[in-house]
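Q: 3D model of this:
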Amino acid sequence: MLSSRTETILKSIVGQYIMKAVPVASQSVARDSELKVSSATIRNEMTHLEKEGYIIRQHSSAGSVPLDKGYRYYVELLRNIELPSVEQCLIRHLFHQVEQELEEWLRLTAKLISQLTQNMAIVTTPHSTNCQFKRLELITLEDSLVLLILILRGARVRQQLITFDQAIPSAELTIVSNRLNLAYSGLTSSQILARDIRLSPTEQQITDCIAKMMQAEDEECDTETYIDGLHLMLNQPEFVNSQQTLSLLELIDQRRLLKIVVPRELPPDEVEVIIGRENLSEIIQNYSVVICRYGLPDQVAGTIGVIGPTRMPYARAISTVSYLSSLLTGLSAELYGKEAPPQQYKSTGSEYDRRSTTRRVR
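A: Here you go, the predicted structure:
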């Protein structure tokens, strides 16, 4: 943990760099903060921050630039992040003005996110969040090689070969399939893994295979993606590097951006902030992502988010994504005739407990 004074200095450095995109001098920190200390004292604190990996400076008397660790600390300090009530009213008014169609809502969402954050917005159509188990069949191909045929709700069929350590008689496979069909009927992959039932080694191996197949099916579900504000993001000074821009454009062109950006484990209705090298894919490790799922748990869900440089207005991005995800969840509930669920949000490393639009870090 940083001391209160060092924390204040770091907040000033990050905040000013986000606004101006130029290294922050000690004199500027002194003017910006309410600390009653000299520039020399602030420079000493900057040296400490640099040694700890929060900022970087070209030399001891140069201005400071935040590193990923500095941005992360800054994000964790954010409290009660919400859009101003005037903007919330304006957004609700705009949604009332458009046609009562999902596509129009999503286009408007992407446009609003990009304009409010001055970065690239990504919004996907809601889709079935979790496929459901209907039944399985096990067919012996060779002594220890079995074909697993998985039938999902909605007439989707998937197949997978399983190799066991020893031959399993067909009669035993029939018993196993009947037992698992009874135990897993109508369940999602997460519910199957959570079932507290005693399984034989054979049943456990088959269950693990079923869960992986269903998870892969959930991840590969095709969705339409709305992207807006790419030109706004590319106007940022960070994108003078043409190679970085080309890599991003290639992802968009090949329709791989969504798979790269969205974390494998993204809980519903929780805002997550992923900064720079926290991104698993090297291609987007010069970017930050503020992202959230919206929709109805275990029914339908989509994704909305902001993509931009690590020098992103995080408070603005988080509050925008938070509010619009809440709004889309309510609209989805109306569309599908369900009650909208209570929501909780968290940034990677911190949790945000949402009541109405109030956010609290704990």
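Q: longest helix anywhere in this structure?
A: Counting by DSSP state H, the longest helix found in the chain is helix 314-336.
Q: Can you name every helix or strand that that helix contacts?
A: helix 68-76, helix 85-97, helix 102-117, strand 272-275, strand 287-296, strand 300-309 (3 or more Cβ pairs under 8 Å, 6 or more residues apart in numbering; DSSP states H and E). (C-beta placed from N, C-alpha, C; glycine too.)
Q: Quick one: list the elements packing against the helix or strand following the third one.
A: Downstream of helix 102-117, the next assigned helix or strand under DSSP states H and E is strand 120-124. Secondary-structure packing of strand 120-124 (3+ Cβ pairs under 8 Å, 6+ apart): helix 102-117, strand 225-228, helix 230-234, helix 257-261, strand 300-309.
Q: Check the offset of strand 120-124 from the chain's centre.
A: The chain centroid and the centroid of strand 120-124 are separated by 12 Å under Cα atoms, centre = their mean, to the nearest Å.
Q: And stretch 164-171, by the same measure?
A: 42 Å.
Q: quick one: average pLDDT of that stretch?
A: Taken as a whole, stretch 164-171 carries a mean pLDDT of 91.
Q: buried ones in that stretch?
A: residue 168 (16 or more other Cβ atoms under 10 Å).
Q: The residue sitting nearest the centre point of the chain and residue 299: what is the separation?
A: The centre of the chain sits closest to residue 291, judged by Cα atoms, centre = their mean, with a distance of 3.9 Å. According to Cβ to Cβ, to the nearest Å, residue 291 and residue 299 sit 20 Å apart.
Q: do you know which of the helices and strands packed on helix 314-336 lies nearest residue 209?
A: Among the helices and strands packed on helix 314-336, the nearest to residue 209 by Cβ to Cβ is strand 300-309 (24.9 Å).
Q: Show me what the closest one pairs with in its sheet, parallel or antiparallel.
A: strand 120-124 (antiparallel), strand 127-128 (antiparallel), strand 287-296 (antiparallel) (DSSP bridges).
Q: for it, the distance to its chain's centre please.
A: For strand 300-309 - counting by Cα atoms, centre = their mean - the centre lies 7 Å from the chain centre.
Q: burial measure for residue 235, as a count.
A: When neighbours are defined as other Cβ atoms under 10 Å, residue 235 has 11 of them.
Q: what's near enough to touch it?
A: Contact analysis of residue 235 by Cβ atoms under 8 Å, 6 or more residues apart in numbering lists nothing.
Q: Brilliant, that's me finished.
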